[in-house]
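Chemist: Mind folding the following:
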Amino acid sequence: MEKLEKFFRLKEHNTDVKTEVLAGVTTFMTMAYILIVNPLMLSEAGMDFGGVFTATALSAVIATALMAFLANYPFGLAPGMGLNAFFAYSVVLGMGKSWQFALTAVLIEGLIFIGLSAFKVRESIFEAIPKNLKLAVSVGIGLFIAFLGLTNAGVIVPGSGTIVELGNLKSGAPLLAVIGVLITGVLVARKVKGGLLIGIILTTVIGIPLGVTILPESLNIVSMPPSMSETAFQFVGFDQIFTMEMFLVVITFLFVDIFDTVGTLAGVAAKAGYLDEEGNLPKVGSALMSDAIGTTIGACLGTSTVTTFVESASGVAEGGRTGLTSLSTAFMFFIALFFAPLFTMIPSAATAPALVIVGLFMMGSVTEMNFEDYTESIPAFLTIIMMPFSYSIAEGIVFGMIGYVVVKTLAGKHKDVSLIMWILSIVFVARIFFT
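Modeler: I've put the predicted structure just below:
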């Protein structure tokens, strides 16, 4: 215990081993869905489900452990949603490319990211984003993950005459999610330690009689991890690497991953109180290097891009403040390799309540934002609303940054705009009109 406290500087961060471990388990519980969703999605691209399951868990273990030791931050990493959809549905099913082609693109992306992180390019991008926009990112992510939880549970569904509408709350997953929100809300309101985790467990149990939580067919819930022999190190040759199609795919992976990660780090770090007076995150370079290495290793094992998960906010909400939280999350992913039937029985309706409540927590950053200066508040508002409306953290940042440059410049405050913000905004505008 003393070694853990000393290495992770727990007292300095006003936390303890119990709090950190509990926070890490909570983060894992909200991320655990990726162990099933990612293999399911990539299997539609022709990959082996079992191999992708193992690759998903192992890449999460390695990348999250790197975050613990390199940066000492409570952030969990795993193959990211959105990026896996682009992998399967756009590159493979849409463009007609092989999954090996897409996996090679992820490898190239990872190697480029290692270089960008080593030369502090990604760090410069992070630091170039104004503090008000970083706080807006936190608020936007709060709305985004609450919306994500509600849609995954069927509480919010595509509308027949509208874009979205209320789902059928009379039974099934939507009813369970609503019950879970009430249970978790009461636990949090009564300041029960581990309220989010307890809420997930209780909601999962209630889901059994409702038919939402599916129990394993066999009582044998322990098994060896599936083999990765069909997915690991499956790359295409140089004849396909040096093509325009590969270039476009890699650029897309790079763009989405850079700003998803930067946005997530800014948002969760703001909630954890890590941002300094200028809105910068100390050791952001180490945090970015963790996901760069994770992406590269993940590609070698056989999975899509690894990124920092917005669900890390759930662990932060439970009091997680150091790398011991992320190390605990990494350990849980390792355990999941051998208890797949147990961990994968947790339905999305049981994790949705935690995401909704965490969304509330992250809204707190709105009180620190500057709303008096419209050149600050308008771009921030665009950032906030575009994340849930576009269903993308990256696109929310794009609208916010372009809005910041345009509004500041036309309002006669162009000196507030850094060179990096100008360059990024021009690139974003070009991307919108030429891709």
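Chemist: who touches Pro225 in this structure?
Modeler: By CB atoms under 8 Å, 6 or more residues apart in numbering, Pro225 lies in contact with 53-54, 57, 337-338, 340. Where you see a C-beta, it was placed from the backbone N, CA and C, and this is true even at glycine.
Chemist: typo on my end, it should be Val306
Modeler: Counted by CB under 8 Å, 6+ apart, Val306 has contacts 59-60, 63, 77-80, 291, 294-295, 297-298.
Chemist: Where does confidence bottom out across those?
Modeler: Minimum pLDDT for the contacts of Val306 is recorded at Gly80 (84).
Chemist: Roughly how far does that residue sit from Phe253?
Modeler: Going from Gly80 to Phe253 by CB to CB, to the nearest Å gives 10 Å.
Chemist: which residues do the two both contact?
Modeler: Common neighbours of Gly80 and Phe253 are listed as Thr305 (criterion: CB under 8 Å, 6+ apart).
Chemist: Point to the residue nearest the middle of the chain.
Modeler: When CA atoms, centre = their mean is applied to the chain, the residue found nearest the centroid is Phe309 (2.3 Å).
Chemist: for that residue, what are its contacts?
Modeler: 27, 31, 34, 75-78, 80, 264.
Chemist: Got phi/psi on the nearest residue to Ile198 once chain neighbours are set aside?
Modeler: Leaving aside its sequence neighbours, Ile198 sits nearest to Leu187 (CB to CB, 6 or more residues apart in numbering; 5.8 Å). Phi and psi for Leu187, reported as degrees, to the nearest 10, are phi -60, psi -40.
Chemist: what's the answer for Thr308, then?
Modeler: Dihedral angles for Thr308 - degrees, to the nearest 10 - are phi -70, psi 130.
Chemist: same thing with the one 3 residues further on?
Modeler: For Glu311, the backbone dihedrals (degrees, to the nearest 10) come out as phi -70, psi -10.
Chemist: Same check on Met224?
Modeler: Backbone torsions of Met224, given as degrees, to the nearest 10, read phi -80, psi 150.
Chemist: domain assignment for this protein?
Modeler: 2-166+226-342, 370-435 (automatic domain parsing).
Chemist: could you dump the ones you listed to CSV with distance to Val205?
Modeler: CSV is the format used below for the domains of the chain (distance: least, CB to CB, whole Å):
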stretch, distance to Val205
domain 2-166+226-342, 13
domain 370-435, 30
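Chemist: Would you tell me which one of those is buried the most?
Modeler: Comparing those by mean neighbour count (mean count of other CB atoms under 10 Å), domain 2-166+226-342 comes out on top with a mean of 22.
Chemist: Okay, now that one: how far is its last residue from its first?
Modeler: Start and end residues of domain 2-166+226-342 are separated by 32 Å (CA to CA, to the nearest Å).
Chemist: Report the distance from it to the chain centre.
Modeler: 5 Å (CA atoms, centre = their mean, to the nearest Å).
Chemist: how far away is Ala55 from Leu103?
Modeler: 10 Å.
Chemist: Overlap of the contact sets of those two?
Modeler: Common neighbours of Ala55 and Leu103 (CB under 8 Å, 6+ apart) are Gly302.
Chemist: quick one: the helices in the stretch 301-435 of the chain?
Modeler: 312-317, 323-336, 340-343, 348-362, 374-390, 393-410, 419-434 (DSSP state H, counting those that start in this stretch).
Chemist: between those, which one is nearest to Ser218?
Modeler: Minimum separation from Ser218 across these (CB to CB) falls at helix 340-343, 7.5 Å.
Chemist: what's in contact with that closest one?
Modeler: Residues contacting helix 340-343 (CB under 8 Å, 6+ apart): 32, 35, 53, 216, 218, 220-221, 223, 225, 335-336.
Chemist: Where in the chain is the helix or strand with the lowest mean pLDDT?
Modeler: Least confident element among the helices and strands of the chain, by mean pLDDT, DSSP states H and E: helix 340-343 (a mean of 74).
Chemist: roughly how far is it from the heart of the chain?
Modeler: That offset, for helix 340-343, works out to 22 Å (CA atoms, centre = their mean).
Chemist: which pair in the contacts of Pro225 spans the largest distance?
Modeler: Phe53 and Phe338, at 11.9 Å, using CB to CB across the contacts of Pro225.
Chemist: where in the chain is pLDDT low?
Modeler: 1, 82, 219, 343, 435 (pLDDT under 70).
Chemist: ok, and what's touching stretch 244-262?
Modeler: With CB under 8 Å, 6+ apart as the criterion, stretch 244-262 contacts 80, 82-83, 86, 90-91, 95, 97, 101-102, 104-106, 108-109, 112-113, 122, 125-126, 129, 240, 288, 291, 295, 305, 307-308, 392-394, 397-398, 431.
Chemist: What of stretch 33-49?
Modeler: Stretch 33-49 is contacted by residues 50, 52-53, 56-57, 60, 78-79, 81, 84-85, 87-89, 91-93, 98-99, 102, 152, 226, 230-231, 302-304, 309, 333, 336, 340, 343-344, 346, 348, 351 when judged by CB under 8 Å, 6+ apart.
Chemist: Now the terminal residues of it, how far apart.
Modeler: Where stretch 33-49 begins and where it ends lie 14 Å apart, using CA to CA.
Chemist: Distance of the spatially closest residue to Ile108 that is not a sequence neighbour relative to Gly110?
Modeler: Spatially, and ignoring its direct neighbours in sequence, Ile108 is nearest to Val250 (5.1 Å; CB to CB, 6+ apart). Using CB to CB, Val250 is found at 10 Å from Gly110.
Chemist: and what of Phe75?
Modeler: 18 Å.
Chemist: With Thr344 instead?
Modeler: From Thr344 over to Gly110 (counting by CB to CB), the distance is 26 Å.
Chemist: returning to what we had before: going by distance to Leu4, which of the contacts of helix 340-343 wins?
Modeler: Closest to Leu4, out of all of the contacts of helix 340-343 and judged by CB to CB, is Ile335, at 18.4 Å.
Chemist: hmm, back to that, tell me which entries of the contacts of Phe309 lie within helices.
Modeler: Mapping the contacts of Phe309 onto helices (DSSP state H) picks out 27, 31, 34, 264.
Chemist: got a list of what the last one touches?
Modeler: With contacts taken as CB under 8 Å, 6+ apart, Thr264 has the following neighbours: 75, 141, 307-310, 312, 393.
Chemist: Can you pick out the most distant pair from the residues you listed?
Modeler: Maximum pairwise distance in those, criterion CB to CB, is 14.2 Å, between Phe75 and Ile393.
Chemist: wait, is Glu165 part of a helix?
Modeler: No: assessed with DSSP: H, G, I helix; E, B strand; the rest coil, Glu165 is strand; it does not lie in a helix.
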